[in-house]
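# Sequence and predicted structure, then a few things I'm wondering about:
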Amino acid sequence: MLGELNSFQQENSIQRFESNIDEYIIDWQINKTVVHAADLLSAAIVNSKRENKFVIEAANFVLSNKAKASISQISLANQILSKEIICDLSTIYNQVSLDTLPSLIDPIPVRNKIKETKLLLLNYPANPILHVENSRYYSILGQEKNSIDSMKIALHLAPNNRFVLRCATRLFAHYENEKNEYLDYIHNILRRSPATKFDPWLTSAEISISTIRNRNSKFLKTGIDLINSKNISPLNFTELASSIGTVELLDGSQKKSREFFNKALINPNDNSLAQIEWASNRDKQIIVNPSNFNVRMNFEALTLDNFHNNEYNQALDNAAKWFIDMPFSKRPIMFGSNLASTVLKDQSKAISFLNAGLVSHPNDPQLINNLAYSLALDNRPNEAFEQLNKIKNDSEYNETTQICLTATKGLALFRSGLIDAGRNFYIDAIEQSKQMKNQELNWIAILNYAREEVRINSEYVASIMDAVSKINVLDNIVIKTLKNDIIELHKKSKET
Amino acid sequence: MTDNAAHNLLNLTLNSGWEVIEKIEKTDNQTGAFFSVCYLVQKDNEVCFLKAFDFAKFLTIAVPGTKIVDVMNDMLIAYKYERDLSEHCKNKKVDKVAFVKVADEEIVPGYAITIVPYLIFDLAEGDIRKKLDFSIELDYALRLKSLHDIAVGLKQLHNIEVTHQDLKPSNILVYSNNESKIGDLGRSICKSIDGPYNKQIFTGDCTYAPPEIMYGYWEKDWKKRVYATDCYLLGSLIAFYFTGISMNALIRKHIPDSFSWEQWTGTYADLVPYLENAFASALIEFENNISRVDLKKDLKLLIERLCNPFPDKRGHPKNIATIGNNYNMERFVTILDLLKRRAELRIKTF
């Protein structure tokens, strides 16, 4: 997250030595050699004088005399001239789109990165950052156990390091499900860490985890005190303020929540902006436009903002960037594929998203289901069945996913011409969702089933359309779109 | 600039018998010597290098508000220190350091400040930067011979309780017999001589300063601090010989901006994993510059030990047990000698 690596307090009171590079410039002017140019470049990068015109001249000199330069001299000259992008990833992200997504999710470079990190670990086995990096790479490849193991090693090596703790929090929250106790594990570590009391980035993480777990955070007051202390810069408390704002919003204290969100917006980062964008959909008095803030890589916030403003194609492109920023996360994939499949009715885009997501979540039943759903809607039922067959019998998934899988099988059967079998599966799904008392799911199943009956103009159209007319959801765009599409389809079928 | 005595020594025969034959506008080994003017001098067919102390320049670069007598005093201390230190080294058989041959003063009438103190040194061919060539396969034997000379010089200085503090490519002088010597003792610290910089935390060029200094966290123990600094500077020199850039540049290339010395304001302890990570990447980059497989591992290990960003981990690990001083140069001299011989043998077998 942007800003999370900064130190939030002025710890070293002694000023660093300042140095100028004049003598290196004189040397370079007298001796126009690659060695003298590189000596000047060394001095420039060390003393933050990259913009100096003589430094730029020297960098160009090195690059135009590559045959006389070493690997490091060439690389340094490139870095000085910003040809090697180290920190500003915006250029890379700006090239991300749904079309380029498949090439960006190639697992081979990720595997190579794991190899490189492992080699480094041979020499630096106690470096927690390397273990965190490996954990991230494993998570991109969907190797949950390896990812968790690497992160646990990092936590043991640096239990109070902010970077490690926050990466671990994200990872454990990402892999959390009913079968594991990851949230409990990381929550305990966060609560015990002495740094959580003083570091707003950690206090914020603890409050967020408490919120996910529906617990009251014992650091809430500490967090409020930290924000009001005036010792911490707005960028350093932005996430803390948005976390507390969220707690207040969920508790129904909208006025208080707005106060905290306003504080978070003084100098937001990508995470706090996304949080506030989410909140703005719950409290209409919170007005935020992510484009008004100079925050890099705020793709999640932009995606949500585009979506709320009905800019669906832009939302899709930003969801692709959001995924590349967080390739281990399922949320941008689910969001992008649902939007493409249902609202935009563009199954090829939905399929692109889902294929990308399956790299990091290779056996995820929900993603496989959605892929099969899009393939079936695209009249490719055989491919849909191929996907559905990938779900192993011993796969663990929840009841909702089970109902979705049943309905998707019904859809694929309908599109294969096996109407009765398809109908049976749909009726099963509708019944199960009713028993589960999940009304939204029930309506989605009814609407999908209705569409298939209308498409073939079966004898059941009248009764199913009656059920459709009883569905009245205005704030769920998926249900609303599905319903409107069916009414339109029904109207057309009657006309013909 | 030329209306002061230090700038007008050309064609004079000095009281010491040396004839000033050429004024050098800017030379190698002159960095950090803004307040000196350099000449070539000749006596008995021997050409040497003269460094004249420029009082007027001292006055112009003095911090506003500083008393002129204090400025004069600073300059005199600087002159006297370099002279005495050279004498100290000469008497202790230090032969890998460029000393002062003659220390004297000349009175040049007709100027506001007529006295010009000067120092005369052996004339070098230039600093090491002129000898390093990255266009062909690196000349490992030449590089390692020079590094061995420097390590020996540093060991000799340490033996007489002098730390150089300003070891960098421009201070490595190469002579016609291919011998390298450490130049510019002006920034060094000697335990037994009261120098101008003895009370400073770091006296050398900040561009080459070790990471703990760059980040503003230094060892309180004076002795440990200055020896750890020399250790790092030797490692940085090795890095420069084979990559053409300094160790600080290598580290800075690999450390994210948030953790750079310009931006970081947190504790040094919090920095450990990130700095270690950058150091590991810097070592890999260093290794990628070495084409000789038989030298690669040893050179990397040398840098790893000499340049460790954490002073406690710096130096040869065996030194702690046997000698009690991590930063003792003895083992590094031996390793460089071995590598030098290995590189030379390879040349002879061709």
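Thanks, I have it.

# in the stretch 301-450 of chain A, what residue is nearest chain B?
Proximity of the stretch 301-450 of chain A to chain B (C-beta to the nearest C-beta) peaks at residue A:325, 16.3 Å away. Quick note: C-beta positions are derived from backbone N, CA and C, even for glycine.

# For residue B:18, the count of nearby residues, please.
Burial measure for residue B:18: 26 neighbouring residues, criterion other C-beta atoms under 10 Å in any protein chain shown.

# ok, it to chain A distance?
Distance, residue B:18 to chain A, using C-beta to the nearest C-beta, to the nearest Å: 25 Å.

# Closest to the centroid, which residue in chain A?
Central residue of chain A (C-alpha atoms, centre = their mean): residue A:326, 4.1 Å from the mean position.

# residues contacting the closest residue to it other than its chain neighbours?
Residue nearest to residue A:326 in three dimensions, not counting chain neighbours: residue A:332, with 6.8 Å by C-beta to C-beta, 6 or more residues apart in numbering or on different chains. Residues near residue A:332 by C-beta atoms under 8 Å, 6 or more residues apart in numbering or on different chains: A:299-300, A:303, A:319-320, A:322-323, A:326.

# Stretch A:262-275 near chain B anywhere?
No. Contact of stretch A:262-275 with chain B (C-beta under 8 Å from any C-beta of the partner chain) is absent, the minimum separation being 12.5 Å.

# Show the end-to-end separation of that stretch, please.
Start and end residues of stretch A:262-275 are separated by 12 Å (C-alpha to C-alpha, to the nearest Å).

# That one: which residues count as buried?
Neighbour counts over stretch A:262-275 (16 or more other C-beta atoms under 10 Å in any protein chain shown) mark A:263-265, A:267-275 as buried.

# Return the subset of those lying in helices.
Counting by DSSP state H, the part of the buried residues of stretch A:262-275 found in helices is A:263-264, A:270-275.

# Would you map out the domains in chain B?
B:5-122, B:126-349 (automatic domain parsing).

# show me where the stretch 51-200 of chain A has helices.
If DSSP state H, counting those that start in this stretch is used as the criterion, the helices of the stretch 51-200 of chain A fall at A:53-64, A:71-80, A:90-94, A:101-104, A:107-123, A:128-140, A:144-157, A:162-175, A:182-192, A:200-212.

# So which of the ones you listed is nearest residue A:38?
Judged by C-beta to C-beta, the one of the helices of the stretch 51-200 of chain A that comes nearest to residue A:38 is helix A:71-80, at 4.3 Å.

# Any part of the closest one near chain B?
Yes. Counting by C-beta under 8 Å from any C-beta, chain B has neighbours in helix A:71-80: A:71-73, A:75-76, A:79.

# mind listing what's buried in that helix?
Under 16+ other C-beta under 10 Å, the buried positions of helix A:71-80 are A:71-77, A:79-80.

# Okay, angle between it and helix A:53-64 too, please.
Here the directions of helix A:71-80 and helix A:53-64 differ by 130 degrees (axes from the mean of the first three to the mean of the last three C-alpha atoms, to 10 degrees).

# quick check, nearest of the ones in helices among the buried residues of stretch A:262-275 to residue A:380?
Distance to residue A:380 across those (C-beta to C-beta) is lowest for residue A:274, with 34.3 Å.

# What does the pLDDT read for the closest one?
Looking at residue A:274, its pLDDT reads 82.

# Likewise for residue B:30?
Residue B:30 carries a pLDDT score of 44 in this model.

# And for residue A:349?
As predicted, residue A:349 sits at a pLDDT of 89.

# what's the helix or strand for it?
helix A:347-360 (DSSP states H and E).

# same for that helix, what does it pack against?
Contacts defined by 3 or more C-beta pairs under 8 Å, 6 or more residues apart in numbering or on different chains; DSSP states H and E place helix A:347-360 against helix A:101-104, helix A:128-140, helix A:312-325, helix A:331-338, helix A:365-377.

# Pull out the buried positions in stretch A:453-470.
Per 16+ other C-beta under 10 Å, stretch A:453-470 contains these buried residues: A:453-454, A:461, A:464, A:468.

# do stretch B:310-318 as well
Neighbour count says stretch B:310-318 has B:310-311, B:314-316 buried, by 16+ other C-beta under 10 Å.

# of those residues, closest to residue B:169?
Using C-beta to C-beta, residue B:314 is the member of the buried residues of stretch B:310-318 that sits closest to residue B:169, with 20.6 Å.

# Got phi/psi on that closest one?
phi -80, psi 150 (degrees, to the nearest 10).

# show me what contacts it?
Residues in contact with residue B:314 (C-beta under 8 Å, 6+ apart) are B:228, B:231-232, B:305-308, B:326-327.

# 10 Å - rerun?
Listed by C-beta atoms under 10 Å, 6 or more residues apart in numbering or on different chains, the contact set of residue B:314 reads B:210, B:212, B:224, B:227-229, B:231-232, B:235, B:304-308, B:326-327.

# Report pLDDT for it.
For residue B:314, pLDDT reads 92.

# low pLDDT regions in the stretch 101-250 of chain A?
A:102-105 (pLDDT under 70).

# mind running it again at 50?
Across the stretch 101-250 of chain A, nothing is flagged by pLDDT under 50.

# Residue numbers of it in contact with chain B?
A:116, A:119-121, A:123-124, A:126-133, A:154, A:157-158, A:160-164, A:195, A:199 (C-beta under 10 Å from any C-beta of the partner chain).
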